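1. sequence and predicted structure are below.
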Amino acid sequence: MDYELVVALRLITNSISLFKWLFITFLRPPKNLKATYGPWAVITGSTDGIGKAFAFQLAQKGLNLVLVSRNSHKLKRVETEIIAQCPHIQVKVLELDFAGDGVAAGVQELVGITEGLDVGVLINNVGVTYAAARFFHEVEDEVWMKVVRVNLEGTTLVTRAVLPAMLRRKRGAIVNIGSGASIVVPSHPLYAVYAATKA
């Protein structure tokens, strides 16, 4: 094959990729999440950072919310802020510490709260890491078990609680928030357990 032909094909491929990105980023109309997936969203880790931002964005798009977090005071504050900004939506809250022993019971409470609701979006945002960088063999058992319990077991249990109704309705979206820690540095040696659970 000619060198010029290879270069031309590569240029065409790159141009198509760039056009797709521009279209998706700037030109494609936004989805109507309520109509596409359903009127309710469940968000774990919803009182700070990314989870809180998701809660506000989804509320602004007209979705009703089930906010899940371990801190009842923060839950109430976020609920109040969202309702003040978006008074037309409903908000339910569930205090659940994914690091505690009562995760299974808490998830059953989530099943009860969401029963009869058309939950169309699940944002699995909850996550923890360790306080300081450590090599894999230096992480204490209780610390890495907590990371696994919150980042994997909690996410899995919540997904299993919400998914059956989505499957029955044949619609829904599940977003699992990962971390750049899983790819930034190969194997991320000082946060290996966290990186593995948030890959």
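-> That came in fine, so what should we check first?
2. for the worst-scoring helix or strand of the chain on mean pLDDT, packing partners?
-> Among the helical and strand segments of the chain, the one scoring lowest on mean pLDDT, DSSP states H and E is helix 192-197, with a mean of 85. Using 3 or more CB pairs under 8 Å, 6 or more residues apart in numbering; DSSP states H and E, the elements in contact with helix 192-197 are helix 141-148. No exception for glycine: its C-beta is placed from N, CA and C like everyone else's.
3. thinking again about what came up before, report the buried residues of the least confident helix or strand of the chain.
-> A192, V193, Y194, A195, A196, T197 (16 or more other CB atoms under 10 Å).
4. pLDDT at the closest residue to the last one other than its chain neighbours, what is it?
-> Translated: T197. Distances taken as CB to CB, 6 or more residues apart in numbering place N151 nearest to T197, at 3.6 Å, with adjacent residues excluded. As predicted, N151 sits at a pLDDT of 92.
5. name the SS class of N151, please.
-> Assigned by DSSP: H, G, I helix; E, B strand; the rest coil, the conformation of N151 is helix.
6. outside of the least confident helix or strand of the chain, which residues touch it?
-> Residues outside helix 192-197 that contact it (CB atoms under 8 Å, 6 or more residues apart in numbering): 127, 129-130, 135-136, 139, 144, 147-148, 151-152, 179, 181-182, 187-188.
7. among those, which ones are buried?
-> Among these, those scoring as buried are G127, T129, Y130, V139, W144, V147, V148, N151, S179, A181, S182, H188 (criterion: 16+ other CB under 10 Å).
8. what distance do you get for the closest residue to the second one other than its chain neighbours to L122?
-> Closest residue to T129 apart from its sequence neighbours, by CB to CB, 6+ apart: Y194 at 4.2 Å. Y194 sits 22 Å away from L122, going by CB to CB, to the nearest Å.
9. now swap in Y191 and tell me
-> Counting by CB to CB, the gap from Y191 to L122 is 26 Å.
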